[in-house]
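Asker: fold the following and give me the result.
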Amino acid sequence: MYPLIHITETIFFPSYLVIISFLYCLCTYWIYVRSRKLGLGYQTAMDISIAIMIGGLVGSRLLHVIFEYPQYYIENPAEIFKVWEGGFVFYGGLLGGFLAAFWIVRRKKENPFAWMDAFAPLLAIGYGIGRLGCLLAGCCYGMECDLPWAIQYPDSIGSPPAGVLRHPVPIYDLIASVFIFGILFGIEKFRIRLPSIFKQPGALFFVWMILFGIQRIVMEDLRDDYRGPALLGLTISTVISIFLITLGIFLIWKRNTRRTIGRACF
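Answerer: A predicted model of the protein is given here:
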């Protein structure tokens, strides 16, 4: 729980932004290596990485502004640009990054499903590591509990209230992300031995959509920070997660059905 990393008494950096910056550099190098290994263009990988950085930043900030604190930002529009003070929503970043990356891939006339599979493991583990930034910043905290591994936030954080044992939701997220990464790694490594449903380009990304959606629904139920206005009694993130799971299942079924019909016609 160290929201600021002090270099000196007057020079410091927000720990969340330090973690995210490190994570971006790590994932950029990783996708460079994966693109060469998978026979994809490494120059395209770099272009996509830059697009994701810009689209992800804009999307995550906008979703926070529009859905979580719209009235505050209407009254204080200049605050929208103070990104160093935090205020990002992962699903906004996912959508913004995806649209920006998709635009690059279509412009270069490459296979979007191949690139989606290339990025899927990075999304899984990257999300979990990113939550360590949330832990340091004191955001995305869990509900009260009395479990042996419960954590307390110090007074210096300011939010949540100090002295209360809570679920370490960011750590749960990291553990779940490692588990999902392991599943994706196994599918990619042993894909040739798996049923045809996992062999279609894009299947790895669709599996991530399903598993991550489940992970996020569980974590949403454990979180106690402000989640924005409810929709049908559910948080916006839970609604998006349900949609993500449904879409992932549909896309796996659709692409597998199309392949089966194509074989039958042939």
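Asker: from here on, just use CA atoms for contacts and neighbour counts.
Answerer: Will do.
Asker: how about the helices in the stretch 101-250 of the chain?
Answerer: Applying DSSP state H, counting those that start in this stretch to the stretch 101-250 of the chain gives helices spanning 112-137, 169-189, 203-222, 236-265.
Asker: list the contacts of residue 205.
Answerer: Applying Cα atoms under 8 Å, 6 or more residues apart in numbering to residue 205 gives the contacts 116-117, 119-120.
Asker: of these, closest to residue 201?
Answerer: residue 117 (7.0 Å; Cα to Cα).
Asker: give me every residue that touches the closest one.
Answerer: So residue 117 contacts 201-205 (Cα under 8 Å, 6+ apart).
Asker: any chance of the contacts of residue 205 in CSV, plus distance to residue 109 and pLDDT?
Answerer: Putting the contacts of residue 205 into CSV (distance: Cα to Cα, whole Å; pLDDT from 0 to 100) gives the following:
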residue, distance to residue 109, pLDDT
116, 14, 96
117, 17, 96
119, 18, 96
120, 20, 96
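Asker: filter those down to the buried ones.
Answerer: 116-117, 119-120 (16 or more other Cα atoms under 10 Å).
Asker: and which of those is nearest to residue 38?
Answerer: Of all those, residue 38 sits closest to residue 117, with 10.0 Å by Cα to Cα.
Asker: what's the distance between the closest one and residue 217?
Answerer: Separation of residue 117 from residue 217 (Cα to Cα, to the nearest Å): 23 Å.
Asker: so where's the stretch 101-250 of the chain uncertain?
Answerer: 156-159 (pLDDT under 70).
Asker: ok, 90 please
Answerer: Scanning the stretch 101-250 of the chain for pLDDT under 90 picks out 137-139, 153-164, 190-201, 225-233.
Asker: surely residue 126 touches residue 25?
Answerer: No - Residue 126 lies out of contact with residue 25 (Cα atoms under 8 Å); the separation is 11.0 Å.
Asker: same drill for these two, tell me which one is more crowded.
Answerer: Between residue 126 and residue 25, counted using other Cα atoms under 10 Å, the more crowded position is residue 126 (20 against 11).
Asker: for stretch 105-114, measure first residue to last.
Answerer: Stretch 105-114 end-to-end distance (Cα to Cα) = 10 Å.
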